[in-house]
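Asks: Give me coordinates for this.
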Amino acid sequence: MTSAPPQASAILACLGQAAFVWDIASDEIAWTDHLASVFPDIPVGSLSTGGEFAKLIEPVRSIRTEALKSSSAVDRGDGVSYRIEYGVRASTSHPVLWIEESGCWFAGADGKPARVHGIVRIDNERHAREEQLLKLSRHDPLTGELNRTHLIASLAESIEEAMRFRSSFAFMLIGIDHLARVNDAFGFDIADQVISDVAKRIRARLRGGDVLGRFSGNKFGLVLKNCTVDDMNVAAERFLTGIRDDVVPTKSGPVSVTASIGAVSVPRYARNADEAINRAQETLDMAKRRRAGSFLVWRPNVERDAQRRVNIRVTDEIVTALNERRIVMAFEPVVDARSREPAFHECLVRMQQDDGQFLLAPDIVPVAEKLGLIRLVDHRVLELVVAELASAPGVQLSLNISPDTTMDPDWWSSIESLMRAHPGVAERLIVEITETVAIQDIDDVRGFVTRLKNFGSKIAIDDFGAGYTSFRNLRKLGVDIVKIDGAFVQNIARSADDRAFVQTLIDLARRLGIKTVAEWVQDEESASMLRDWGCDYIQGRLIGLASSDRPWQSQDAAAVLPAAG
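Replies: Residues are numbered from 1 along each chain as shown. Next up, the predicted model:
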């Protein structure tokens with residue numbers, strides 16, 4: 001094809017293309033003119049035969065001959081088309097030229113390829129785009145490190161390799177401390193700068209062969225190959241120091257950053273990727289709770305594992321009990337401190353088990369809250385309490401709700417529907433929220449209180465004194481009742497400090513027009529003190545503990561309460 005018109009070869013050269021004829025028998029390749037403009041760094045002699053050309057090809061030198069040999073098509077006189085892609089370069093110091101080759105081969109007398117007519121064209125731009133897309137599919141766009149999917153895939157591969165070769169490695173989760181504060185103070189763009197800078201600092205302290213990826217917003221995952229427990233401590237301190245010692249320069253000024261680390265030895269304490277991630281996350285959470293900027297390694301814990309088995313069992317039991325309507329109520333009396341007449345009853349959740357025994361609220365509520373089931377429990381308790389109030393017109397009851405339920409729109413829908421269906425019930429309902437809820441967001445809680453009071457219900461703050469709610473907040477919230485934490489009440493007969501504390505709470509509440517209930521009243525001496533200090537109601541062992549019996553259904557209900565001392 002050296003006799004091809006110059007104009008045609010010039011056009012091909014402008015397009016980054018060159019045409020050729022390859023005689024397979026002699027292995028000679030004849031090219032169009034301007035070959036040097038298409039392959040500027042490659043000597044023409046290296047392109048003159050198929051064998052010499054193959055030496056330049058990456059990643060598989062034989063790709064051109066294999067494309068012809070592997071074809072099952074038959075040449076019927078008009079040739080058989082083919083298309084392949086590969087890279088070429090004169091030496092490892094030169095950049096790769098990515099080539100798309102297409103053409104037709106023609107058969108000889110034996111039916112096998114004897115001659116090839118084709119065109120090659122430079123396709124670096126498309127290949128660069130594909131490389132970029134591949135990189136984006138594997139890497140986090142902010143830090144350039146592996147994304148979560150490929151980090152987990154690398155972790156799984158490392159576990160398989162470690163188990164096959166009986167080796168070990170460490171998996172770490174590094175979490176930037178208090179990143180939300182950076183977001184609030186400076187904005188998300190500055191937080192992104194912090195994340196990117198921390199990634200660079202970790203990367204600078206990795207060994208060859210270690211793997212780094214962005215696990216989530218403020219967390220990085222690391223696979224540290226051939227890493228013992230002692231090595232883990234050294235590596236963790238290296239990472240923490242590198243992050244902590246220098247401020248991060250940002251466009252809003254320097255930002256001081258610390259990080260915490262949770263780690264697990266694999267495969268000793270984690271046999272798969274999920275287990276490694278869960279245990280590293282668990283220890284990271286523990287490290288953050290202990291102190292920002294600290295490091296913990298996962299260790300077996302018999303008590304923790306036993307508690308988890310209990311959690312799993314109780315979770316299953318709670319869901320089953322809800323479905324089978326085995327969530328029931330027990331009623332604990334709250335009486336007037338002077339007359340000992342019943343004022344109202346606090347409703348406490350109980351769960352009947354298959355053997356007839358009951359699980360009490362302390363066994364149910366913490367697990368239900370931790371595992372996200374408390375919302376379902378609170379819905380059921382609301383139904384039971386409203387049904388009880390509807391069937392007993394002279395009774396006043398209180399119920400406890402969890403922090404999450406206060407902002408649950410479904411709970412509000414339920415209570416509104418139940419109040420409309422049972423007129424007169426709302427005025428006899430007291431809703432107890434913990435002091436912890438009251439201090440979380442005063443405006444949100446005030447809205448919650450206002451909506452309930454609009455129904456006609458009353459609001460009580462439970463376990464008052466255990467937290468940090470001020471009486472100013474109580475007045476702002478408009479609560480009706482304060483229940484003084486029993487931890488202070490139970491020892492007032494013996495502790496001057498507790499006496500002073502409880503007496504002060506009662507006096508302040510009285511001045512604000514808020515009724516008081518003293519919990520955990522154990523004896524007559526304490527009851528008499530509380531009465532004399534002006535406490536409105538008392539509750540506890542002296543009066544009677546929670547029971548599934550409904551005293552308002554008994555004519556002799558008043559007789560079971562001890563007389564005032």
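
Asks: Help me confirm that Asn233 comes into contact with Leu296.
Replies: No: with contact defined as C-beta atoms under 8 Å, Asn233 does not count as touching Leu296 (10.6 Å). Any C-beta I mention is one placed from the backbone N, CA and C, and that applies to glycine too.

Asks: Who has more neighbours out of the two?
Replies: Leu296 (21 against 13; other C-beta atoms under 10 Å).

Asks: Who are the contact partners of the more buried one?
Replies: Applying C-beta atoms under 8 Å, 6 or more residues apart in numbering to Leu296 gives the contacts Ile261, Gly262, Ala263, Thr283, Leu284, Met286, Ala287, Arg290.

Asks: quick one: which two of these are the most distant?
Replies: Ala263 and Arg290 (14.3 Å; C-beta to C-beta).

Asks: is it true that Gly486 touches Trp520?
Replies: Yes: Gly486 is within contact range of Trp520, at 2.7 Å (criterion: C-beta under 8 Å).

Asks: Identify the bridge partners of the spatially most central residue of the chain.
Replies: Centroid-nearest residue in the chain: Ser216, 8.3 Å away (criterion: C-alpha atoms, centre = their mean). When assigned by DSSP bridges, Ser216 has beta-bridge partners Lys219.

Asks: from what I can see it touches Leu151, true?
Replies: No: the pair Ser216 / Leu151 is not scored as a contact, 10.3 Å apart, by C-beta under 8 Å.

Asks: Outside of the helix or strand where Val319 lies itself, which residues are in contact with it?
Replies: In the assignment (DSSP states H and E), Val319 maps to helix 302-323. Contacts of helix 302-323 from elsewhere in the structure, counted by C-beta under 8 Å, 6+ apart, are 326-327, 351-353, 359, 363-364, 367-368, 370-371, 373, 376-377, 380.

Asks: Only whichever of these are buried, select them in ChimeraX.
Replies: Selecting the buried subset of these in ChimeraX, with 16 or more other C-beta atoms under 10 Å as the burial test, is done by:
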select :326,327,351,352,359,363,364,367,368,373,376,377,380
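
Asks: Looking at the contacts of helix 302-323, spot the one nearest Gly242.
Replies: Closest to Gly242, out of all of the contacts of helix 302-323 and judged by C-beta to C-beta, is Lys370, at 35.1 Å.

Asks: Now the closest one, what are its backbone angles?
Replies: Main-chain torsions, Lys370, degrees, to the nearest 10: phi -60, psi -40.

Asks: ok, now how distant is the spatially closest residue to it that is not a sequence neighbour from Asp305?
Replies: Spatially, and ignoring its direct neighbours in sequence, Lys370 is nearest to Asn311 (7.1 Å; C-beta to C-beta, 6 or more residues apart in numbering). Per C-beta to C-beta, to the nearest Å, Asn311 is found 10 Å from Asp305.

Asks: One more: Ser216?
Replies: 26 Å.

Asks: likewise Lys219?
Replies: With the distance defined as C-beta to C-beta, Lys219 ends up 25 Å from Asp305.

Asks: in the stretch 401-550 of the chain, which spans are helices?
Replies: Remark: helices assigned in the stretch 401-550 of the chain by DSSP state H, counting those that start in this stretch are 409-421, 435-440, 442-455, 471-477, 486-489, 496-511, 524-533.

Asks: Out of the ones you listed, which is closest to Val257?
Replies: Using C-beta to C-beta, the nearest of these to Val257 is helix 435-440, at 27.2 Å.

Asks: In this structure Lys476 contacts Val445, no?
Replies: No: Lys476 is not in contact with Val445 according to C-beta under 8 Å; the separation is 9.4 Å.

Asks: who has more neighbours, these two?
Replies: Taking other C-beta under 10 Å, Lys476 and Val445 do not tie; Val445 has more neighbours (24 against 14).

Asks: And the helix or strand harbouring Ile119, how far out from the chain middle?
Replies: Here Ile119 sits within strand 113-122, counting by DSSP H and E. Counting by C-alpha atoms, centre = their mean, to the nearest Å, strand 113-122 is centred 55 Å from the centre of its parent chain.
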